[in-house]
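Chemist: Have a look; sequence and predicted model below, questions after that.
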Amino acid sequence: MRLTVLVGNYFKKYIQYEIRKSTGVTIEKTFRKPIEMRRKKYLFTEDRPWTDGAKQANHLTEKLEEVLVEPISDEEWKVFKGDRVCDIL
């Protein structure tokens, strides 16, 4: 295998591991296989998944609030397919 594939998969697996760790709790049973309790949704914010801010936003004891986004009308929408965006305010 190529080294770039191995390195790329390493970081992808690390991010998936951090998301899995912050969204679920594994309960160990003595005579049965471990049970993993997970939250169905993950709240993606401006924080990276491995930072403390993302872990606090997705803590299991807190209820996720639904993020409401107001739609943009066609008159206000000034970016079209194929346009190059240089600055985002």
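Modeler: In hand now; what should we look at?
Chemist: going forward, measure contacts and count neighbours with C-alpha atoms only.
Modeler: Fine.
Chemist: Contact partners for the most centrally placed residue in the chain?
Modeler: Geometric centre of the chain, nearest residue: F44, 4.5 Å, by C-alpha atoms, centre = their mean. By C-alpha atoms under 8 Å, 6 or more residues apart in numbering, the contact set of F44 is A54.
Chemist: all helices for this structure, in order.
Modeler: 3-23, 52-57 (DSSP state H).
Chemist: mind checking pLDDT for the residue of the chain most remote from its centre?
Modeler: Distance from the centre of the chain peaks at F31, with 33.3 Å (C-alpha atoms, centre = their mean). Listed pLDDT for F31 reads 70.
Chemist: that older thread, for the residue nearest to the centre of the chain, what are phi and psi?
Modeler: Main-chain torsions, F44, degrees, to the nearest 10: phi -90, psi 120.
Chemist: Return the distance of it relative to Q56.
Modeler: 12 Å (C-alpha to C-alpha, to the nearest Å).
Chemist: try V67
Modeler: Remark: distance between V67 and Q56 (C-alpha to C-alpha) = 17 Å.
Chemist: Between the two, tell me which one has more neighbours.
Modeler: Q56 (12 against 7; other C-alpha atoms under 10 Å).
Chemist: Any regions of the chain where pLDDT drops low?
Modeler: Applying pLDDT under 70 to the chain picks out residues 1-3, 6, 22-30, 34-40, 60-61, 87-89.
Chemist: Now do the contacts for L64.
Modeler: Neighbours of L64 in contact, by C-alpha under 8 Å, 6+ apart: 43, 58.
Chemist: before we move on, the earlier item: most tightly packed of the helices of the chain?
Modeler: Mean neighbour count (mean count of other C-alpha atoms under 10 Å) peaks for helix 52-57 among those, with a mean of 16.
Chemist: ok now that one, how far from the chain's centre?
Modeler: How far helix 52-57 lies from its chain's middle: 11 Å, per C-alpha atoms, centre = their mean, to the nearest Å.
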